[in-house]
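In: coordinates only, sequence not included:
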């Protein structure tokens, strides 16, 4: 079967369902953003973000002493980067387009998804919901930490100190937010291609 990269004859029933589900999840997540209901999902996102730091550290022959996830939706490792949660959001959105890959993704995340495993019965919806949550959390966190209130201990501020270019933390935040949106919309596009 050849992929439908041009998305000719878009959008069939599954593709419309996919887009509507992402839209509904986005609206629900944004409506509930500052409530305790999303705290478990936000902590999963923080864990995935910190796990991305640990993976980057290991890929560059570094040592990981541990990962901390805090109840205030913060976390800490000893590596740098802010696109890890966007990457995981993209991966989970793409995994949600097929029942088998959705089950594999959920299985790999079983420890961090323990709470969620008992809430939803549909593996595909669970992966899609958490994927959308990761993508939105990444953009929101970048905006909150670097543009609206300038947290000087953020990954972007630390990266700006090390990078020889003239960008400050807020500029890196804008760049990383754009990359996060590219991941999100790229995942939606690839999801539509997979479903076509």
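Out: Alright, I've got the coordinates. Bear in mind the structure is a predicted one, so any value in this text is a computation, not a measurement. Numbering: from 1, shown residues only.
In: and residue 157, which helix or strand is it part of?
Out: According to DSSP states H and E, residue 157 maps onto helix 155-162.
In: least trustworthy helix or strand in this protein by mean pLDDT?
Out: helix 114-117 (a mean of 48; mean pLDDT, DSSP states H and E).
In: could I get the full set of helices for this protein?
Out: Using DSSP state H, the helices found in the chain span residues 13-31, 39-59, 84-95, 99-108, 114-117, 123-142, 155-162, 169-195.
In: possible to save the ones you listed as CSV with mean neighbour count?
Out: Backbone N, C-alpha and C define where each C-beta goes, glycine included. Formatted as CSV, these follow (neighbours: other CB atoms under 10 Å):
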stretch, mean neighbour count
helix 13-31, 15
helix 39-59, 19
helix 84-95, 25
helix 99-108, 16
helix 114-117, 14
helix 123-142, 24
helix 155-162, 18
helix 169-195, 19
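In: Serialize those helices to a markdown table and add fields for distance to residue 3.
Out: Formatted as a markdown table, the helices of the chain follow (distance: least, CB to CB, whole Å):
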| stretch | distance to residue 3 |
| --- | --- |
| helix 13-31 | 13 |
| helix 39-59 | 27 |
| helix 84-95 | 13 |
| helix 99-108 | 16 |
| helix 114-117 | 31 |
| helix 123-142 | 20 |
| helix 155-162 | 35 |
| helix 169-195 | 5 |
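In: residue 74 is nearest to which of those helices?
Out: helix 39-59 (7.0 Å; CB to CB).
In: excluding covalently adjacent residues, which one is nearest to residue 143?
Out: Ranked by CB to CB, 6 or more residues apart in numbering and with sequence neighbours excluded, the top spatial neighbour of residue 143 is residue 177, at 6.5 Å.
In: I'd say that neighbour and residue 144 touch.
Out: No - Residue 177 lies out of contact with residue 144 (CB atoms under 8 Å); the separation is 10.8 Å.
In: re earlier: ok, the residue nearest to residue 143 - contacts?
Out: 139, 142-143 (CB atoms under 8 Å, 6 or more residues apart in numbering).
In: show me what the helix holding residue 157 packs onto, helices and strands only.
Out: helix 169-195 (3 or more CB pairs under 8 Å, 6 or more residues apart in numbering; DSSP states H and E).
In: now the helix it packs on, how far from the centre of its chain.
Out: 10 Å (CA atoms, centre = their mean, to the nearest Å).
In: OK, contacts around the nearest residue to residue 104 once chain neighbours are set aside?
Out: Excluding its sequence neighbours, the residue lying closest to residue 104 (CB to CB, 6+ apart) is residue 95, at 7.1 Å. The contact partners of residue 95, by CB under 8 Å, 6+ apart, come to 101-102, 104-105, 127, 131.
In: next: residue 87.
Out: Per CB under 8 Å, 6+ apart, neighbours of residue 87: 52, 183.
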